[in-house]
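In: model the following, please.
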Amino acid sequence: MHGELPAAVGEFTGRLPDLWRLHSALHVQEAPLVTGRTSAGPVQLRGMPGIGKTRLAREYALRFGAAFPGGVHWVRAIAPQPPQEPDGPCLYVVDDVPHGLSPRALTELTAPHPLVRTLLITRSRTYGGHGEHVDLEPLPEAAAAALAGASAIADAAAGHPGALGLLGRAVTAGKNPVALASRLYEPGRSLLDILAGDELTADHVRDAMTAPAEAQDVLRCALALSPLPVTAETVATVLTAADRLPRAVALRRASAGVAELHARGLLTSAPHHLHPVTAHSWLHHEGDSARAETLRRAVLSSLGATATRLDSPGLPIPGVRKESMPMTVSEAERMAAFDLQVELVSRIGVQRLPADSGSLREALTSLNSLFPFTRDTLRRYSVGLEPGTAPNVQSAADRLLNEVLRPFTTRWHPLLMAWEARRPPHLSPLDHERTWDHADAFRTDLNGLREPLRAVTASLAEISGAEFGISSEV
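Out: Have a look, this model is predicted:
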């Protein structure tokens, strides 16, 4: 054995078929007529947080160690050490492989030697093309009941081995199982964290806390819908109501969020359900309670409208205006307008560059990048660049590029380049900028773009139907 096996926590039960599935995946090349594989590749052991991936791999290393006379090498992904010249067939286990690695980084975690079988333990489902995979599901009912010691506990944990083990040990120590199950829903510190003596729930949702905003919104909707499954269509309905988004934009965001959560192991495969332990963990680490409440009300409103078959949009949602969006604009134009609007509200120009701080070069580069972004957006949605007579995306784009941005960039780009070319080697680019005679004039002209850019953003908002990011500050 090379490296330390992780400590065993609780009883190992209900996973014997999974041990054999894992063994078969690691030796798939030994039955080429059946598997069609003649060489060994990496195997991924995948599953949601706390589902028992590491425990299963540990048990496999102990029970099947004889199949690897070259030994078992156990490392964490942050410090990989692939065996170079093993004495014989060996098992190389890489624990806690994070989500979002590049193909090259993932390949570097895989031992290249033909005698080494690589086992990657991960929550992520994005590495599907990298060898075989074994997915762990919640424990079957009988095994869950045996681990929990009480049906109330087994039902509350829904087959989650990590939670079942903690709660089952508390029952064995004399705690009332019904009272324990009730405490799972109490505010304050999570019961699971108390029993574990660690921030277990924070680790369970660490990938959710770093996920994009659209994925977190899907998680909030899934929590409000639980135990019903969550779909991109349902979330799109909620986002359309809560944020006044065009339906097509809301659906695109919702689809991206669902896919992201599934990839991170936080939603089951379709139909997409949120596991109760994941829901419990997220409740204790929600970073935006106001947003969660807005979406919860929107979920209930949409469910109520569906149930009663009324044309009404449902219960009122705080802070949401329900004016109808323009119906004469195509969905492609709405989406193009929305994308341009989102990009504009974050740019220097709409957002004020603080006096005597910030980089003039970065500000100019930010504005310059709007030219290719605008053209790419219009091309993506098949919207032309010719200005029209009525307010539309083409008119807004033409005004943005040719009337607002081009005069500014045409004047200042060559002047700033000429000054940058004179920078002495000992002076940093930012310090050199501050000695420029035209710096104040540049900032004055830059601030002069605010109102024209805000006007373009407002015209885009009329088309997209999403009014946000336009401050009333002058």
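In: can you give me the strands for the stretch 1-150 of the chain?
Out: Using DSSP state E, counting those that start in this stretch, the strands of the stretch 1-150 of the chain run over residues 43-46, 72-76, 90-97, 116-122, 132-135.
In: quick one: list the elements packing against the last one.
Out: This means strand 132-135. Counting contacts by 3 or more C-beta pairs under 8 Å, 6 or more residues apart in numbering; DSSP states H and E, strand 132-135 packs against helix 16-26, strand 43-46. Backbone N, C-alpha and C define where each C-beta goes, glycine included.
In: got the domain boundaries for the chain?
Out: Segmentation of the chain into domains, based on automatic domain parsing, reads 16-135, 141-198, 213-308, 331-464.
In: so which helix or strand of this protein has the lowest pLDDT on average?
Out: Lowest on mean pLDDT, DSSP states H and E among the helices and strands of the chain sits helix 32-35, with a mean of 45.
In: rewinding a little: wait, which of the helices and strands packed on strand 132-135 is closest to Ala156?
Out: With C-beta to C-beta as the measure, helix 16-26 is the member of the helices and strands packed on strand 132-135 nearest Ala156 (23.0 Å).
In: spatially speaking, which residue is in the middle of the chain?
Out: Computing the C-alpha centroid of the chain and ranking residues by C-alpha atoms, centre = their mean puts Ala211 first, at 2.9 Å.
In: tell me the secondary structure for that one?
Out: The three-state assignment at Ala211 reads coil, by DSSP: H, G, I helix; E, B strand; the rest coil.
In: contacts only, for it.
Out: Contacts for Ala211 (C-beta atoms under 8 Å, 6 or more residues apart in numbering) come out as Leu219, Glu260, Leu261, Arg264, Leu266.
In: let's see 10 Å
Out: Contact partners of Ala211, counting by C-beta atoms under 10 Å, 6 or more residues apart in numbering, are His99, Val205, Asp217, Val218, Leu219, Gly257, Glu260, Leu261, Ala263, Arg264, Leu266.
In: please apply the same query to Pro89.
Out: 26-27, 40, 67-71, 113-117.
In: how about TSV for those residues, with pLDDT, neighbour count and distance to Pro161 added?
Out: Compiled in TSV, the contacts of Pro89 are given as follows (pLDDT from 0 to 100; neighbours: other C-beta atoms under 10 Å; distance: C-beta to C-beta, whole Å):
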residue	pLDDT	neighbour count	distance to Pro161
Leu26	92	26	22
His27	88	17	25
Ala40	70	20	28
Ala67	91	15	25
Phe68	93	20	25
Pro69	93	12	31
Gly70	92	19	30
Gly71	92	19	27
His113	92	16	33
Pro114	89	11	34
Leu115	92	16	32
Val116	93	21	28
Arg117	94	25	24
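In: which among those gets closest to Ala144?
Out: Ranked by distance to Ala144 (C-beta to C-beta), the contacts of Pro89 are led by Leu26 at 26.7 Å.
In: the closest one touches Ala61, doesn't it?
Out: No - using C-beta atoms under 10 Å, Leu26 is not in contact with Ala61, being 11.1 Å away.
In: what is in contact with these two at once?
Out: Phe68, Leu91, Leu119.
In: tell me how many other residues crowd the second one.
Out: So that's Leu91. Using other C-beta atoms under 10 Å, the number of residues around Leu91 comes to 26.
In: out of the domains of the chain, deepest packed?
Out: Highest mean neighbour count among those (mean count of other C-beta atoms under 10 Å): domain 213-308, with a mean of 20.
In: which residues of the stretch 51-200 of the chain fall in helices?
Out: Shown for the stretch 51-200 of the chain, the helices assigned by DSSP state H, counting those that start in this stretch span residues 53-63, 103-108, 141-148, 151-157, 161-172, 177-183, 191-196, 200-204.
In: now for the fourth one, which elements pack on it?
Out: Yep, that's helix 151-157 we're talking about. helix 141-148, helix 161-172, helix 177-183, helix 276-283 (3 or more C-beta pairs under 10 Å, 6 or more residues apart in numbering; DSSP states H and E).
In: change it to 6 Å
Out: Secondary-structure packing of helix 151-157 (3 or more C-beta pairs under 6 Å, 6 or more residues apart in numbering; DSSP states H and E): helix 141-148, helix 161-172, helix 177-183.
In: give me the contacts around the first one.
Out: Read that as helix 141-148. With C-beta atoms under 6 Å, 6 or more residues apart in numbering as the contact definition, helix 141-148 has outside contacts at Thr13, Gly14, Ala154, Gly159, Leu164, Leu167, Gly168.
In: and the two most separated of those?
Out: Maximum pairwise distance among the contacts of helix 141-148 (C-beta to C-beta): 15.6 Å, between Gly14 and Leu167.
In: any idea how far His27 lies from Ala61?
Out: 15 Å (C-beta to C-beta, to the nearest Å).
In: about what we covered before: nearest to His426, of the helices and strands packed on helix 151-157?
Out: helix 161-172 (57.7 Å).
In: got the CA coordinates for that closest one in PDB?
Out: Extracted C-alpha coordinates of helix 161-172, given in PDB (Å, rounded to 0.1, in the frame of the first residue of the first chain):
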ATOM      1  CA  PRO A 161     -25.000   6.800   3.200                       C
ATOM      2  CA  GLY A 162     -23.100   9.800   4.700                       C
ATOM      3  CA  ALA A 163     -26.200  11.200   6.400                       C
ATOM      4  CA  LEU A 164     -27.500   7.700   7.300                       C
ATOM      5  CA  GLY A 165     -24.300   6.800   9.000                       C
ATOM      6  CA  LEU A 166     -24.300   9.900  11.200                       C
ATOM      7  CA  LEU A 167     -27.900   9.600  12.100                       C
ATOM      8  CA  GLY A 168     -27.700   5.900  12.600                       C
ATOM      9  CA  ARG A 169     -24.800   6.300  15.100                       C
ATOM     10  CA  ALA A 170     -26.900   8.900  17.000                       C
ATOM     11  CA  VAL A 171     -29.800   6.400  17.200                       C
ATOM     12  CA  THR A 172     -27.400   3.700  18.500                       C
END
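In: who's in contact with stretch 267-275?
Out: With contacts defined as C-beta under 6 Å, 6+ apart, stretch 267-275 is touched by Ala222, Ser226, Pro229, Val230, Leu261.
In: run the last query once more with 7 Å
Out: Applying C-beta atoms under 7 Å, 6 or more residues apart in numbering, the external contacts of stretch 267-275 come out as 48, 158, 160, 222-223, 226-227, 229-231, 258, 261-262.
In: doesn't Val258 fall inside a helix?
Out: Yes - assessed with three-state DSSP, Val258 lies in a helix.
In: that one touches Asp217, doesn't it?
Out: No - in this structure, Val258 is not within contact of Asp217 by C-beta atoms under 7 Å, at 10.4 Å.
In: hang on, the earlier thing: mind putting the contacts of Pro89 into JSON lines with distance to Glu85?
Out: Output for the contacts of Pro89, formatted as JSON lines (distance: C-beta to C-beta, whole Å):
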{"residue": "Leu26", "distance to Glu85": "20"}
{"residue": "His27", "distance to Glu85": "22"}
{"residue": "Ala40", "distance to Glu85": "17"}
{"residue": "Ala67", "distance to Glu85": "19"}
{"residue": "Phe68", "distance to Glu85": "15"}
{"residue": "Pro69", "distance to Glu85": "14"}
{"residue": "Gly70", "distance to Glu85": "10"}
{"residue": "Gly71", "distance to Glu85": "12"}
{"residue": "His113", "distance to Glu85": "7"}
{"residue": "Pro114", "distance to Glu85": "12"}
{"residue": "Leu115", "distance to Glu85": "9"}
{"residue": "Val116", "distance to Glu85": "10"}
{"residue": "Arg117", "distance to Glu85": "16"}
